[in-house]
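A.B. asks: Give me the fold of what follows.
(2 chains)
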Amino acid sequence: MKKLRETLSYILPNLFFVLLVISIFLPAKVEIENRYVFLIVVIALEINLLVKIKKQSSRDIGTVLFLFLLVWEFVTTKFETNNTMLYPVPERVFNVFVTDAHKVIEGIFSSLYLLFLGFLIALILGVGLGLLVGWFDRLKKAVYPIAQVISPIPPIIYMPYAVALLPSFDVARVFVVACAIFWPTFINTVLSVGSIDKKLLDSARTLNVSSWTLLVNILLPYSVPGIIHGVTLSVGASFMVLTGAEMLGSTSGLGWFVKYYSDFSDYTRVVSGIIMIGIVVTVINKGIGWVSKKLVKWK
Amino acid sequence: MDKIKLENVYLEYNDEGNERYSALEDVNFSVKEGEFISIIGSSGCGKSTTLSILSGLRQPTQGKIYIDGEESVGTGKNRGVVFQHYSLFPWMTAKKNVSFGIKQVNGDLSKKEYNKKAEEFLEAVGLEGFENKYPFQLSGGMQQRVAIARTLAMGPEIMLMDEPFGAVDAKNRADLQDMLLELLEDQDQKKTIVMVTHDIDEAILLSDRILFMDNKKIKEEIEVNLERPRRRQDIFGTDTYRELHHKVMMLFYSNVSEKIGDEGGII
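C.D. replies: As a prediction, the model looks like this:
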């Protein structure tokens, strides 16, 4: 029984892959300009699966993913009744990455640039203030309750006011992104500093460290894992905020891309944009995971 | 002049229920320069508290501490502390932990000199080849070796040790004690040492004098008249050793029986 399940988990993802490829080449009832971009994506996914085939979770992910793509492809292309405007065809969605490559790449870079600026500002302020507030108990007791009230406010809500207050739309966007990352960073830093083992502090005190050394060489490195945890949680949200903020008064960026084409009911491009956002967020999260491994070797 | 002197030291604090709680009552003792003393007693007797007052981590509510005849308040570079555990910084390698310690007392060396000095001291405690390991990659005994190396590398006149080998298994514990004996003989300048322990053998092997503490007070002082340099195998069988051991043991037991008497047979 166990053996059978194991064998099945090897067969299923590959079976769905083969069916998907067959389905792509079967005559479609709707017009398809270029099926090869989608085909390449599917083959790339299969290669990735074969590389990691030993891992059970990889096989399971493959099964779910190929089944989803198979159903999507089959349902949207094999029936004449499909409303391709409302239910975009996968071949067309992935073809957008080629036909609109210029706009998509420009959008990615425009978004990443704003994200980077907001990120940098939020990180410096969040960690710096977090260390201070976390360390001075009286300051913490005064500021932390207030932070708990302000931090859950969705930063996108500041956008219209920020636009009025700040010199440009882009500055306003950087501001809301910074808000999205600042609060989790700040709160995680404060909590990390507060949770430091008293024995470590005693050890530092008996070494006669200065206040500056204590802050920079003891409290900061101790808090890094907590800070990274906060950043990982907030970077996805910050991207969400950014794409939201790009829907207002923008001419580039992934959020703009999605918003712009949904105004024309071009949902094929809308879905491409959404997939692109998913890919970018994943890449960023992987990047943070990588940095965190480099930075925290001691756990 | 005494190196360390505690005069009528009391410590009281408010516990969580805001009740006044006394941790030390009228503690008096002095330590001569170059002397090694052990404070021994059962848990809760106040021995660790006494050490934390000596290190300057806590302030007595009454009484004074003198070091070299001058009143001492707070921590100072003349004292180094080895704790039972969790005293190494987990984000620093063994070498970095030691060189970080050196940097705090000696700020004007080059990075190369810090590293060289750190490596020397790690070698002295037998950790050659483990310089770049993080604490989580080292055993408890090895971590204590790093902690000792760090304290020695900082070159304090006084070393305070709070059950330094309390969390280490028996074999490693003996090794560490032997290492400490050797290291202390090798030092150019003899260190004054106060060690807290609950291990009678350890106290006899290492110290010149044993202070027995019970119920927040120093109850008894015992001279350890064994010649130095000491070696475990030479002293463990001797009559002097057996007598000393018996004496300290009886102190522990007589106190237990007193307590049983006091509290109507509750142990």
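
A.B. asks: which bits of chain B sit near chain A?
C.D. replies: Counting by CB under 8 Å from any CB of the partner chain, the residues of chain B close to chain A are B:52, B:55-57, B:75-77, B:79-81, B:83, B:85-92, B:100-101, B:104-105, B:134-136, B:154. All C-beta spots, glycine's among them, are computed from the backbone N, C-alpha and C.

A.B. asks: Please identify the residues of the stretch 151-299 of chain A in proximity to chain B?
C.D. replies: Residues of the stretch 151-299 of chain A lying near chain B (CB under 8 Å from any CB): A:197, A:199-200, A:202-209, A:213, A:217-218, A:221-222, A:224, A:296-299.

A.B. asks: Whichever of the residues you listed end up buried, select them in ChimeraX.
C.D. replies: This is the ChimeraX syntax for the buried subset of these, where burial follows 16 or more other CB atoms under 10 Å in any protein chain shown:
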select /A:200,202,203,204,205,206,207,208,209,213,217,218,221,222,224,298
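
A.B. asks: List the residues that contact A:Val89.
C.D. replies: Shown in contact with A:Val89 (CB atoms under 8 Å, 6 or more residues apart in numbering or on different chains): A:28, A:30, A:32, A:73, A:76-77, A:82, A:268.

A.B. asks: Repeat that for A:Thr189.
C.D. replies: Contacts of A:Thr189 by CB under 8 Å, 6+ apart are A:126-127, A:129-131, A:134, A:223, A:226-227, A:230.

A.B. asks: helix/strand/coil for residue 230?
C.D. replies: All of this is about chain A. Here A:Gly230 is helix, with the state taken from DSSP: H, G, I helix; E, B strand; the rest coil.

A.B. asks: Sorry, I should have been clearer: chain B.
C.D. replies: Three-state call for B:Arg230 (three-state DSSP): coil.

A.B. asks: Cross the residues of chain B next to chain A against helices and list the overlap.
C.D. replies: B:52, B:55, B:100-101, B:104-105 (DSSP state H).

A.B. asks: Report the two of the residues you listed separated the most.
C.D. replies: Maximum pairwise distance among these (CB to CB): 21.7 Å, between B:Ser52 and B:Phe100.

A.B. asks: before we move on, the earlier item: out of the contacts of A:Thr189, which one sits closest to chain B?
C.D. replies: Within the contacts of A:Thr189, the smallest distance to chain B is 10.2 Å, found for A:Ser223 (CB to the nearest CB).

A.B. asks: Next, count neighbours for that closest one.
C.D. replies: Neighbourhood size, A:Ser223 [other CB atoms under 10 Å in any protein chain shown]: 24.

A.B. asks: wait, is it part of a helix?
C.D. replies: Yes: applying three-state DSSP, one finds A:Ser223 inside a helix.

A.B. asks: Please give me every residue in contact with it.
C.D. replies: A:127, A:130-131, A:134, A:188-189, A:192-193.

A.B. asks: Now which of the residues you listed would you call buried?
C.D. replies: For the contacts of A:Ser223, buried by 16+ other CB under 10 Å: A:127, A:130-131, A:134, A:188-189, A:192-193.

A.B. asks: mind checking the backbone torsions on B:Tyr21?
C.D. replies: Main-chain dihedrals, B:Tyr21, degrees, to the nearest 10: phi -130, psi 130.

A.B. asks: Next, the buried residues of the one helix or strand in chain A whose mean pLDDT sits lowest.
C.D. replies: Across the helices and strands of chain A, mean confidence by mean pLDDT, DSSP states H and E is lowest for helix A:220-245: a mean of 86. Across helix A:220-245, burial judged by 16+ other CB under 10 Å covers A:220-231, A:234-235, A:237-245.

A.B. asks: go on, stretch B:224-231?
C.D. replies: Buried-residue list, stretch B:224-231, by 16+ other CB under 10 Å: B:224, B:226, B:230.

A.B. asks: what's the farthest-apart pair in the buried ones among the contacts of A:Ser223?
C.D. replies: Farthest pair in the buried ones among the contacts of A:Ser223, by CB to CB: A:Leu131 and A:Asn188, 11.4 Å.

A.B. asks: and the helix or strand that contains B:Ser38, which strands flank it?
C.D. replies: Secondary structure from DSSP states H and E places B:Ser38 in strand B:36-40. Strand B:36-40 pairs in its sheet with strand B:192-197 (parallel), strand B:209-214 (parallel), by DSSP bridges.

A.B. asks: Buried deepest among the ones you listed, which one?
C.D. replies: Across the strands paired with strand B:36-40, averaging neighbours per residue (mean count of other CB atoms under 10 Å in any protein chain shown) puts strand B:192-197 on top, at a mean of 24.

A.B. asks: quick one: average pLDDT of that one?
C.D. replies: For strand B:192-197, mean pLDDT is 95.

A.B. asks: neighbouring contacts of it?
C.D. replies: Outside strand B:192-197, the residues that touch it by CB under 8 Å, 6+ apart are B:3-4, B:31-40, B:47-48, B:50-51, B:54, B:157-166, B:184, B:203, B:206-207.
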